[in-house]
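Attaching a predicted model along with its sequence, questions to come.
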Amino acid sequence: MDPWDADALERAAECLARARYAIALTGAGLSVESGIPPFRGPGGLWTKHGEPPMDGYQRFLQNPRKAWEERLNPAGPMRELWEALAAARPNPGHDALVELEELGVLKCTITQNVDNLHRAAGSGRLIEIHGNATLIRCIECVARYPRETIDFAELPPRCSRCHGILKSDTVSFGEPIPPDVLDQCFEAAELADCMLVAGTSATVYPAAQFPISIRQRGGDLVEVNPYESEITPLCRYSLRGPGGELLPRLVEQVRLQR
Ligand code: APR
């Protein structure tokens, strides 16, 4: 007997298949089966090492050179995270979302993950609300560059377009979400009548606000998570299991119902 309710899986698939505009919100849990630890809950980085300071962005602005020196020589939990990111490959959960997009069911994915795994898996309509660890962003003009194109001889590196200070594209605690990305998220959430919420504790805003808003407008939420999350009480279906196993089964059911 599967650890999850097969009947609920079928009904959740029907809910997705019938949606006019289904989108997804993913979090760190989706990359656990790619070897990247989550932040909260069992095995979480913050669970083990404590939450990081909430003023990372302010400290970057105060001394960007020092912040870059620490970034280029990470220690402690950040070193553990960077090493896991470098080794990670997409898992069947990422692939399932690509297939759901190819079926025309999933219109876009908003991810909180910076690990580039949705892009590597082939997701087309992808909004990386917390940025992407393989990119470097100008804090003035928001231009983004592949990390490998940046010369780190001079710290902080400078934007070749406006000479502004460059930082990792990953959004630091205390840093506003870049306006271009935030606008795309609001646009997608406004259109959505269904949201697949996979692998997130739904505790960090503004990302956690999107499923709440969709629900408040009468939309349906379908959750995939081995544990309860903040959003579970609002979900029409909350499928209790790991994304790498559940999402492919969910997509299999959606395909049968198309
Ligand atoms: N499959 C699906 N979900 C899983 C799995 C799995 N195999 N393993 C764990 N989870 C769930 C956990 O139960 C938890 O609800 O994934 C969620 C991970 O929650 P967090 O670690 O809080 O990650 P996330 O919600 O993405 O955090 C949001 O917080 O620290 C910041 O910027 C960081 O983007 C991150 C944001």
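Sure, I can see it. Numbers count the residues shown, from 1 in each chain.

Which residue is the nearest non-sequential neighbour of residue 257?
residue 17 (4.4 Å; CB to CB, 6 or more residues apart in numbering). Heads up, the C-betas are built off the backbone N, CA and C, glycines and all.

now residue 60
With CB to CB, 6+ apart, the residue lying closest to residue 60 is residue 67, at 4.3 Å.

Just say helix, strand or coil for residue 170.
Using DSSP: H, G, I helix; E, B strand; the rest coil, the structure places residue 170 in coil.

how far away is it from residue 198?
Separation of residue 170 from residue 198 (CB to CB, to the nearest Å): 20 Å.

more crowded one of the two?
Counted by other CB atoms under 10 Å, residue 170 and residue 198 do not tie: residue 198 has more neighbours, with 27 against 21.

and the more buried one, what are its bridge partners?
For residue 198, the beta-bridge partners are residue 26, residue 224 (DSSP bridges).

Verify the contact between it and residue 226 for me.
No. Counting by CB atoms under 8 Å, residue 198 does not reach residue 226; the two are 11.0 Å apart.

what do those two both touch?
residue 29 (CB atoms under 8 Å, 6 or more residues apart in numbering).

The ligand contacts on this protein?
Proximity of the chain to the ligand (CB under 6 Å from any ligand atom) is limited to residues 27-30, 32-33, 38-41, 44, 112, 130, 199-201, 203-204, 224-227, 229, 242-243.

Among the residues you listed, which lie within helices?
residue 243 (DSSP state H).

wait, is the residue nearest to residue 257 part of a strand?
No. Counting by three-state DSSP, residue 17 falls outside a strand, being helix.

Please name the residues that touch it.
Going by CB under 8 Å, 6+ apart, the list of residues near residue 17 reads 105, 254, 257, 258.

The residues you listed: which two are farthest apart?
105 and 257 (9.7 Å; CB to CB).

who's more crowded, these two?
The residue with more neighbours, out of residue 105 and residue 257, is residue 105; 22 against 12, by other CB under 10 Å.

what residues are up against that one?
By CB under 8 Å, 6+ apart, the residues touching residue 105 are 16, 17, 19, 22, 254, 258.

Would you list the buried entries among these?
The neighbour-count test (16 or more other CB atoms under 10 Å) marks 16, 17, 19, 22, 254 as buried among the contacts of residue 105.

Tell me the one of these nearest residue 186?
Taking the buried ones among the contacts of residue 105 together and measuring to residue 186 by CB to CB, the closest member is residue 22, at 16.9 Å.

and the nearest residue to the closest one once chain neighbours are set aside, what is it in contact with?
The shortest distance from residue 22 to any non-neighbouring residue, by CB to CB, 6+ apart, is to residue 194 (4.2 Å). Applying CB under 8 Å, 6+ apart to residue 194 gives the contacts 15, 16, 19, 20, 21, 22, 23, 214, 219, 220, 221, 222.

repeat that with 6 Å
For residue 194, the residues meeting the contact criterion (CB atoms under 6 Å, 6 or more residues apart in numbering) are 19, 22, 219, 220.

And residue 52, what's its pLDDT?
You'll see residue 52 listed with a pLDDT of 88.
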